[in-house]
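Colleague: Show me how the following folds:
(chains A and B)
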Amino acid sequence: MEIRRKVQAGTMQSSDLMVFVEPAEKLIIEIESTVIKQFEHLIRAKVSEVLDRLEVTRAAVRITDRGALDYAIEARLESALRRAATEG
Amino acid sequence: MVVELITQGDIGKARALIERAGLRFEEEFDVLVGAFEGGEMVATGARSGNILKMLAIAPEQQEGSLLGELVTELVRSGLPLNFDSFFVFTRPMHVSSFEALNFRLLVSHGPVALLEHGNALSRYFAAHRHLAVTGENGAVVMNCNPFTRGHRYLIEKAAGSVDRLFVFVVREDRSAFPFEVRLRLVREGVAHLPNVHVLDSSHYAVSSVTFPAYFLKASDPVSQLQIEIDLLLFARHIAPHFHISQRFIGTEPYCRTTRLYSDAMKRILPGHGVNVCELDRLTVDKKPVSAYRVREAIRREAHETLRQLVPDTTMNYLLSSEAAAIREKLVTYDRRH
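Modeller: Here you go, the predicted structure:
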């Protein structure tokens, strides 16, 4: 999947996350989270899984998480990526 | 639900809520949003460029999720503008509420705390990681509007007394010469100095971000607090990252604000391990060289004077067709006044 434009999905509410995706030369993943110490590895694993499944190899993905569960991470990230792949 | 406020009636309600929270309502904003409950406005906030401001929530609603909703909407509204970070000034007692939204505290000072959302400072550091080398390093922060022989003289002197000199060129575009041009002329003008690194100051030195005027009452010493926030940001983040132990300034004969800034620097930086070193300015015709004098010379189309005030690199640019629009602007500006 090719990332064509800058988009955002999600909110800053508790138990949710905000995802920003934009075009980039390579794959850049930045994660900020209020539970980064406990769960960064799990968030990162979920993000990588979604990126692999959608075959995204070049994108800047920035996530600010407030303790979202993994299905929320998956849903927010997938919506952002699909949105970013469409023409604005 | 948070919605954009457009009607005068809604803006008036927002204003009342903001003033009840002890903040000043400012007419300048790009977007103003609010949330209603039972017809009453319970929360409001605004975005002006990359700064979130006038965030106010009714006291009985402060425990809830309204802050997250407001900030979500304000950040979303700024998305098409390609900001890499958003900033908020708040009172120190509210810092933890913003940290829970993944804001990062940059400076807390007196009645004001400055926080950032979007981590641009970390990215800024990551982009310049190869320059963060230990040693006796120095820094100057300059606008260079445009780059003069005076700037070059100060940089040469400073560079001679440190291992590495970082020149931070002010990014804020409020000057006659646009940032990209100012940066390029500095780079060209110091290309002969191998230990000088010219950097973009980003949001972190003398930018609109470091100016929290809106937060204060008219009677407060606004400019003093602005200056101190700016210097603390430098002292606590920029200086440690680049191992900067010297900050250089030129003596300031004219500008009151610059002198206030220099005085505050001498008061604040040494306590954070940064020595302030004031260097005498270069003089031409017994008067200090300043960018203002250069702009005056452009205005008067006094090319011989100009040649004495700016290095060849800047001169070549000023005579080029690329600079025609700026020359024209400066000249006609003079004629109108």
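
Colleague: What lies in contact with the helix or strand harbouring A:L51?
Modeller: Using DSSP states H and E, A:L51 maps to helix A:36-53. Here helix A:36-53 makes contact (C-beta atoms under 8 Å, 6 or more residues apart in numbering or on different chains) with A:27, A:29, A:31, A:33, A:57, A:59, A:61, A:63, A:65, A:70, A:73-74, A:77-78, A:81. No exception for glycine: its C-beta is placed from N, CA and C like everyone else's.

Colleague: quick one: the residue lying closest to B:S290 once chain neighbours are set aside and B:E296, what's the gap?
Modeller: Nearest residue to B:S290 in three dimensions, chain neighbours excluded: B:G150, at 6.4 Å (C-beta to C-beta, 6 or more residues apart in numbering or on different chains). Note on B:G150: its distance to B:E296, by C-beta to C-beta, to the nearest Å, is 14 Å.

Colleague: Tell me which of these two has more neighbours.
Modeller: B:G150 (22 against 16; other C-beta atoms under 10 Å in any protein chain shown).

Colleague: how about that one, secondary structure?
Modeller: helix (DSSP: H, G, I helix; E, B strand; the rest coil).

Colleague: the domain parsing of chain B - what is it?
Modeller: For chain B, the structural domains run B:2-118, B:123-284, going by automatic domain parsing.

Colleague: Now do the helices in chain A.
Modeller: With DSSP state H as the criterion, chain A has helices at A:36-53, A:70-85.

Colleague: and if you look at the stretch 1-150 of chain B?
Modeller: B:8-20, B:66-78, B:95-99, B:120-127, B:149-160 (DSSP state H, counting those that start in this stretch).

Colleague: packing partners for the shortest one?
Modeller: Taking 3 or more C-beta pairs under 8 Å, 6 or more residues apart in numbering or on different chains; DSSP states H and E as contact, the helices and strands that helix B:95-99 lies on are strand B:104-109, strand B:112-117.

Colleague: ok, now with 10 Å
Modeller: With contacts taken as 3 or more C-beta pairs under 10 Å, 6 or more residues apart in numbering or on different chains; DSSP states H and E, helix B:95-99 sits against strand B:51-57, helix B:66-78, strand B:86-90, strand B:104-109, strand B:112-117.

Colleague: got the helices of the stretch 1-150 of chain B as CSV, with distance to B:S245 columns?
Modeller: CSV is the format used below for the helices of the stretch 1-150 of chain B (distance: least, C-beta to C-beta, whole Å):
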stretch, distance to B:S245
helix B:8-20, 43
helix B:66-78, 37
helix B:95-99, 29
helix B:120-127, 18
helix B:149-160, 12
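
Colleague: Just send the ones you listed back as TSV, with mean pLDDT too.
Modeller: Below are these laid out as TSV (pLDDT from 0 to 100):
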stretch	mean pLDDT
helix B:8-20	96
helix B:66-78	94
helix B:95-99	95
helix B:120-127	92
helix B:149-160	97
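
Colleague: can you give me how far stretch B:71-80 is from the chain middle?
Modeller: Mean-position distance between stretch B:71-80 and its chain equals 21 Å (C-alpha atoms, centre = their mean, to the nearest Å).

Colleague: Let me know how buried the residue in the stretch 101-250 of chain B that chain A sits nearest to is, in neighbour terms.
Modeller: Proximity of the stretch 101-250 of chain B to chain A (C-beta to the nearest C-beta) peaks at B:N102, 4.1 Å away. Using other C-beta under 10 Å, B:N102 has 24 neighbouring residues.

Colleague: Repeat that for B:D10.
Modeller: Counted with other C-beta under 10 Å, the neighbours of B:D10 add up to 17.

Colleague: One more: B:G22?
Modeller: 10.

Colleague: That one touches B:M93, doesn't it?
Modeller: No - counting by C-beta atoms under 10 Å, B:G22 does not reach B:M93; the two are 11.6 Å apart.

Colleague: residues shared between the contacts of the two?
Modeller: Residues touching both B:G22 and B:M93 (C-beta atoms under 10 Å, 6 or more residues apart in numbering or on different chains): there are none.

Colleague: Run through chain B and note the low-pLDDT ranges.
Modeller: Residue ranges of chain B with pLDDT under 70: B:211-223, B:333-337.

Colleague: Which residues of the stretch 51-200 of chain B lie near chain A?
Modeller: Proximity of the stretch 51-200 of chain B to chain A, by C-beta under 10 Å from any C-beta of the partner chain, involves residues B:65, B:67-76, B:78-80, B:82, B:84, B:99-104, B:117-119, B:122-123, B:126.

Colleague: before we move on, back to that, go through the contacts of helix A:36-53 and name the one nearest B:L183.
Modeller: Distances from B:L183 to the contacts of helix A:36-53, taken as C-beta to C-beta, are shortest for A:A59 (28.4 Å).

Colleague: quick one, what contacts the residue lying closest to the closest one once chain neighbours are set aside?
Modeller: Once flanking residues are discounted, A:A59 sits nearest to A:I3: 4.1 Å by C-beta to C-beta, 6+ apart. By C-beta under 10 Å, 6+ apart, A:I3 lies in contact with A:21-24, A:27, A:54, A:56-61, A:80-81, A:83-85.

Colleague: where's the spatially most central residue of chain A relative to A:R66, distance?
Modeller: In chain A, the centroid-proximal residue (C-alpha atoms, centre = their mean) is A:L77; its distance is 4.0 Å. To A:R66, A:L77 is 15 Å away according to C-beta to C-beta.
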